[in-house]
Structure formats: C-alpha cells, structure tokens
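Engineer: From the sequence below, what's the structure:
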Amino acid sequence: AKLRDNPLMAEADPQYGRKLLDNHPVRVAQLLEGRWDVLPAAGMYFRRGWIDFVDRNAIPAGARRVRAWDKAATEPTPSNPDPDWTRGVHMAFAGGVIYVEDLVSLRGDPGAVQALLKSTAELDGKAVRIRIPQDPAAAGKSQAAADVRALSGFAVRTKPVTGDKTTRFGPFSSQASPKSTGGVLGRVRIVRAPWNDELVHELEAFPDGDHDDIADAVSDAFDELSEPATAAPRGVG
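Structural biologist: Predicted structure coming up:
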C-alpha cells in the first residue's frame, strides 16, 4: 500500500509524509510509494547528480566539524592485494547543509594507522571533533582507550558500531537525496579536491562495491554531527 492508501496515518500525524522523506531512498520507496520490491543496490543510496562540488570558502563561518575514521590495519600482500583501507572523512555542517571537506587514506600496519590519526588531528586542529568506531568486544574497549590516550588533548568520541551498514548509512543518504529538499540537489556538498572521484565512486557503488570504508566513515561523521552541539564527547584525551 502507498501512503495515500492509509489516510488515517496522515490524519493522526500531519507531518508523517514529510518524516518519511527523512529516510534513505530505499525506505522512502517502500513506505511512501508502496514499492516493496525495491532492495538495497548500487546507486540507490548515493548518486553524483544529487550533490554539488564547491570551493572550501563556500562553507559558512562557524560550521561544526568532525573527522570520523574507519580503521583497518592490513598492508597489501601478494595473497591479499586489495585489503580494506583506513579512511578519515572530514565533514562540516552549517545552514542545514552537509559539507564533505577532506578524505585521508592509508593501507598500513597499526603503528602507521596510529601515526596517521595523530598527525591528521594536529593538522585539523582542536576545534574538530574526532569520531572513532569501537569494536564491541573487550579488545575493542582496550583499543578505544588507547586511541583516546594517543590523541591526548583532542576531543575524541569512541562509539560501538551497531546495526547493519545500510541502516547506518541511511541518515546521510536521506540528506544527500534531492527528496530532502524537493529540488534537483540534496543537502550534501563536496569540496573540490583530487580525492573526489574516489569518494563518489565508492559511495555510488555502496553497498555492492568492493570496499565500504569511506561509506562507514561518512556514516559515523554524519552521526556525530547529528548530535546536539552541546553534547560532550564520550572520551576526551
């Protein structure tokens, strides 16, 4: 059934239809249009045509900023030539618009990853929050504590990863979609840089691509920016 087939829903909550549009495109098609045959697939969650590329000076002053990481610690080898990446996505939010400002990437051992986190934090500055995923196992808690100590002096939030990847990516996807604005573009902008094609290619391929490290970091960055501006990080180095 489509939303219009259930008028009682709209009568009970006049904003119900608008709220549905805040879901990712797959859920919008299912709940608003009654298209339950629509399944997660490449191109459903992000498209190049949904966003605009801007210069860095287009970001308003006073924007809230976060650098979110998706960590891996495997170097390429003959037996594993295409391992996962460590990705750090820098995102800003201002005036109802999400800006993807920067992407850093590394394939390296744990020591190299730790050094990248520290050097990137120093370049970003202390005004930028840092979000790091925490494995729910006991070892994950120890690693999260080590990350906070290594980033002493910076605002760091470690948060256990819960839910499947498409659900986690959904809130960002809903804002990227033009349905969020009713126009031809959504609420996401990307700062022009050499890494643009790599980021867009992976997000367009999600969830069917060979890698989803960038998508995971984007999900966490947007989740962090969705927290109230006054919310304190769970861990501060």
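Engineer: Return the distance of the helix or strand in which E224 is found from the chain's centre.
Structural biologist: Element membership for E224 (DSSP states H and E) is helix 213-225. How far helix 213-225 lies from its chain's middle: 2 Å, per Cα atoms, centre = their mean, to the nearest Å.
Engineer: Against which helices or strands is that helix packed?
Structural biologist: Helix 213-225 sits against strand 64-70, strand 86-94, strand 97-106, strand 129-134, strand 155-160, helix 165-176, helix 196-205, with contacts defined as 3 or more Cβ pairs under 8 Å, 6 or more residues apart in numbering; DSSP states H and E. All C-beta atoms are positioned from the backbone trio N, CA, C, and that covers glycine.
Engineer: 7 Å instead, please
Structural biologist: Using 3 or more Cβ pairs under 7 Å, 6 or more residues apart in numbering; DSSP states H and E as the contact test, the elements touching helix 213-225 are strand 64-70, strand 86-94, strand 129-134, helix 165-176, helix 196-205.
Engineer: D109 is nearest to which of the ones you listed?
Structural biologist: Proximity to D109, assessed across the helices and strands packed on helix 213-225 by Cβ to Cβ, is greatest for strand 86-94 (10.4 Å).
Engineer: rewinding a little: so what touches the helix holding E224?
Structural biologist: Around helix 213-225, the neighbours that count as contacts under Cβ atoms under 7 Å, 6 or more residues apart in numbering are 64, 66, 68-70, 72, 84-85, 87-89, 91, 93, 98, 103, 129, 131, 133, 157, 165, 168-169, 171-172, 199, 202-203, 206.
Engineer: can you rerun that using 6 Å?
Structural biologist: Contacts with helix 213-225, where a contact means Cβ atoms under 6 Å, 6 or more residues apart in numbering, come from 64, 66, 68, 70, 84-85, 87, 89, 91, 93, 131, 168-169, 171-172, 199, 202-203, 206.
Engineer: Next, the angle helix 165-176 makes with it.
Structural biologist: Angle of helix 213-225 versus helix 165-176, following axes from the mean of the first three to the mean of the last three Cα atoms, to 10 degrees, is 70 degrees.
Engineer: which ones are touching the nearest residue to A215 once chain neighbours are set aside?
Structural biologist: With Cβ to Cβ, 6 or more residues apart in numbering as the criterion, A215 has its nearest non-adjacent residue at 4.6 Å, and that residue is F206. If you count contacts by Cβ under 6 Å, 6+ apart, F206 has them with 45, 212, 215.
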